[in-house]
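Q: Mind folding the following:
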Amino acid sequence: MALGKRPANESAAELGFAPRRRMISWFDPRVLLATALRDVLAATFGTYADKRDQQAAITAGEPLDLSRRDEAWFDLVADIGEAFGPTHAVAWHLAQPQLDIDAHLFPRADLVVLCGDTVYPAGSIDRYENQFIGPYAAAFPEPDDLRHQPWLFALPGNHDWYDGLTAFLRVFCQGRSIGGWRTRQRRSYFHIPLPQGWHIWAVDTQLGGWLDRPQVDYFLAAAEDLRPTDRIILVCASPAWINVKSDPTTHETIDYVRRKIVRDRARIALYVSGDWHHYARYEDSGSEPEQRVTLGLGGAFLHPTHHLPNHIDLIDKRDGKTSHLTRKARWPSTDQSRWRSLLVVFLAPLNPVFALFMGFVQFGFAWLVQAGTRRPDQSVRGALSGINMRGIIDGLVRSPLALLLAIAMVVAFTIFAKPAKPSRALLSRLVGGLHGAAQVALAAPVVYLAKDVPGSGLMYGLSFAGAVVLLGGFMSATLVGWYFLVTHTLLGMHDNEAFSALRLRSFKGFVRCHIAASGDLTLYPIGIPQVRSRRWRLNSLALPGTSWFSRPVDVRPILIEPPVDVR
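A: Numbering: from 1, shown residues only. This is a model prediction of the structure:
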């Protein structure tokens with residue numbers, strides 16, 4: 001069934017796509033392993049199979065040119081395509097002909113720019129169809145009158161690049177319609193002239209790499225038409241200005257665009273990025289303040305904001321001058337972010353598959369304990385019935401396999417510990433190693449508590465195994481949660497890991513922008529505080545070209561902060 005037709009019910013067959021109801025379980029061992037492998041492969045072979053070089057053979061085509069208009073409305077949104085509810089909540093508000101929010105009346109935008117990561121955990125045709133195209137087409141089906149369709153452009157993020165950008169190019173770079181939006185770009189990077197001397201430049205850094213020569217030539221050609229009074233909105237997939245203290249090289253690509261391509265032809269007035277799933281705005285202290293906005297609210301799990309620095313210093317390599325950035329806004333607030341971080345102690349029930357996996361690891365220790373303490377004439381129950389904690393520890397120490405498993409666990413958690421700052425690398429690794437040692441030590445109380453289960457013979461073995469897996473998995477996963485809480489709170493570590501484990505659906509949104517006839521650009525950051533409802537009801541009375549679903553009562557937009565003027 002075509003996505004442009006209204007379904008009769010909410011079954012996947014009638015919808016034309018399979019909506020993903022739940023947020024991705026990032027701690028599912030299968031997802032962890034697949035993502036890690038893609039990350040390694042992308043880092044290892046990405047340079048040899050860089051799709052940006054291949055795109056040079058594709059004619060860039062005429063850019064979308066909105067510069068002849070007196071004014072324009074456009075939307076900026078990033079990090080979409082995880083679960084249906086949050087993704088569709090954002091898409092539904094993007095698609096509405098009018099939005100009335102906090103006494104502001106907004107028309108539908110003429111253009112939507114997706115600023116990185118359009119699907120999770122990695123790009124594929126099925127995931128784009130079910131996690132992006134389906135929710136967006138359901139929010140804004142293709143209208144009968146195709147003359148006034150708004151435009152949709154997309155910049156790839158690291159998750160789009162994990163398949164080598166193959167699916168991304170097929171979805172966004174072949175002139176397809178996605179519901180009521182039209183795509184037009186031919187490459188993974190683009191520039192769009194806007195009214196009153198404004199321009200959007202979207203730069204594809206391909207997993208943090210340098211710019212390729214064809215892309216540099218593309219933007220150099222675009223820069224020829226700039227005037228000194230023009231202003232650029234630079235879109236990149238990662239907020240390099242936030243990471244500049246821990247990794248100064250992350251800002252070099254953006255700095256290169258400003259120094260070598262834009263130069264003195266115009267001024268970059270607004271930097272926009274996704275990748276971090278929250279809203280944050282920084283402003284510099286110059287006479288014409290630049291704005292730097294992170295807006296990864298499009299539908300992925302929430303990232304914290306309470307570790308964001310209040311001030312950031314950026315050094316201009318052209319003249320050695322330092323730009324002082326001051327944080328002006330963040331959402332969720334510090335208290336909202338910090339309180340939600342406490343929920344990570346419930347990691348086990350929030351991630352049952354991960355808890356089950358850790359339970360089998362604990363069962364490995366338990367099996368080695370009974371094997372090391374049981375005599376040939378003894379049953380498993382006979383070996384464990386009278387054993388005490390010291391005997392369990394002796395069994396672990398005497399077993400070479402248990403020792404190898406213990407070393408592997410300590411090494412794994414040591415490597416897993418990610419320092420928040422380079423100066424804390426040694427401390428972070430030490431804490432990670434201690435956590436691994438605590439996971440090994442946990443095997444002793446798990447075996448001690450599980451050894452007295454009822455039964456005999458085979459039934460006792462099965463009962464003992466089940467008790468170790470369930471009890472050990474819960475305790476081990478809970479210990480991981482407490483490790484995240486302590487290191488996240490005291491050392492600023494594991495922002496991504498702690499909050500991906502929470503799988504929070506709330507705090508979503510986008511930024512609606514308006515270029516007035518006066519030339520002023522105004523940003524309206526729109527947030528959706530609650531997206532608790534997992535079920536959107538089909539709207540059987542909706543007209544053609546309008547959303548298939550009615551908005552749940554708990555999904556209500558607000559302005560994250562007062563309108564921001566970029567003059």
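Q: going forward, measure contacts between C-alpha atoms and count neighbours the same way
A: Noted.
Q: ok, longest helix in this protein?
A: The single longest helix within the chain, with elements called by DSSP state H, is helix 457-491.
Q: Any stretches of the protein with poor pLDDT?
A: Scanning the chain for pLDDT under 70 picks out the ranges 1-14, 39-61, 144-147, 207-209, 245-250, 316-320, 372, 374-387, 533-534, 540-545.
Q: out of all of them, which strand in it is the longest?
A: Longest strand in the chain by number of residues (criterion: DSSP state E): strand 322-331.
Q: between the following helix or strand past that one and helix 457-491, how big is the angle?
A: Downstream of strand 322-331, the next assigned helix or strand under DSSP states H and E is helix 334-341. Orientation check (axes from the mean of the first three to the mean of the last three CA atoms, to 10 degrees): helix 334-341 against helix 457-491 gives 160 degrees.
Q: which residues are contacting helix 334-341?
A: Pro304, Thr305, His306, Leu485, Ala498, Phe499 (CA atoms under 8 Å, 6 or more residues apart in numbering).
Q: what about Gly141, how many neighbours?
A: Quick fix: residue 141 is Pro, not Gly. 25 (other CA atoms under 10 Å).
Q: ugh, typo on my part, it should be Glu224
A: 11.
Q: swap in the one 10 residues further on?
A: Residue neighbour count, defined by other CA under 10 Å, stands at 21 for Leu234.
Q: Could you identify the helix or strand that succeeds the helix or strand hosting it?
A: In the assignment (DSSP H and E), Leu234 maps to strand 231-236. With elements assigned by DSSP H and E, the helix or strand that comes after strand 231-236 is helix 252-256.
Q: Tell me the first helix or strand C-terminal of that next one.
A: Following helix 252-256 in sequence, per DSSP H and E, is strand 267-273.
Q: relative to strand 231-236, how tilted is that next one?
A: 30 degrees.
Q: and the very next helix or strand once past strand 267-273, what other elements does it pack with?
A: Stepping forward along the backbone from strand 267-273, the first helix or strand reached (DSSP H and E) is strand 279-284. Where contact means 3 or more CA pairs under 8 Å, 6 or more residues apart in numbering; DSSP states H and E, strand 279-284 is packed against strand 291-295, strand 322-331.
Q: so which of those strands is the most packed in?
A: Highest mean neighbour count among the helices and strands packed on strand 279-284 (mean count of other CA atoms under 10 Å): strand 291-295, with a mean of 25.
Q: Now do the same contact list for the closest residue to Gln96 other than its chain neighbours.
A: Nearest residue to Gln96, sequence neighbours excluded (CA to CA, 6 or more residues apart in numbering): Arg108, at 6.1 Å. Each residue near Arg108 by CA under 8 Å, 6+ apart is listed here: Trp73, Leu94, Ala95, Gln96, Pro97, Gln98, Leu99.
Q: Can you tell me which helices and strands the longest helix of the chain packs against?
A: helix 347-350, helix 352-373, helix 380-385, helix 425-441, helix 443-450, helix 495-502.
Q: how many other residues sit next to the residue nearest to Phe354 when sequence neighbours are not counted?
A: Among residues not flanking Phe354 along the chain, Asp28 sits closest, at 5.2 Å (CA to CA, 6+ apart). Residues within reach of Asp28, counting by other CA under 10 Å, total 18.
Q: any residues touching the strand holding Leu234, and which ones?
A: Contacts of strand 231-236 (CA under 8 Å, 6+ apart): 115-116, 155, 197-205, 266-274.
Q: ok so Trp201 is a strand residue?
A: Yes. Remark: Trp201 belongs to a strand, assigned using DSSP: H, G, I helix; E, B strand; the rest coil.
Q: Next one: it from His148, what distance?
A: 24 Å (CA to CA, to the nearest Å).
Q: Looking at those two, which has the bigger crowd around it?
A: The neighbour count for Trp201 versus His148, taken as other CA under 10 Å, is higher for Trp201 (20 against 11).
Q: Run through the bridge partners of the more buried one.
A: Beta-bridge pairing for Trp201 (DSSP bridges): His191, Leu234.
Q: Next, the contact list for it, please.
A: If you count contacts by CA under 8 Å, 6+ apart, Trp201 has them with Tyr189, Phe190, His191, Ile192, Ile232, Ile233, Leu234, Val235.
Q: Identify the farthest-apart pair in these.
A: Farthest apart among the contacts of Trp201 by CA to CA are Tyr189 and Ile232. That separation is 14.7 Å.
Q: Just give the nearest non-adjacent residue to Phe484, would you?
A: Ala498 (5.8 Å).
Q: Is it correct that the one you found is in contact with Trp482?
A: No. The pair Ala498 and Trp482 fails to qualify as a contact (CA atoms under 8 Å) at a distance of 10.0 Å.
Q: Please enumerate the shared neighbours of the two.
A: With contacts taken as CA under 8 Å, 6+ apart, the residues that reach both Ala498 and Trp482 are Val344.
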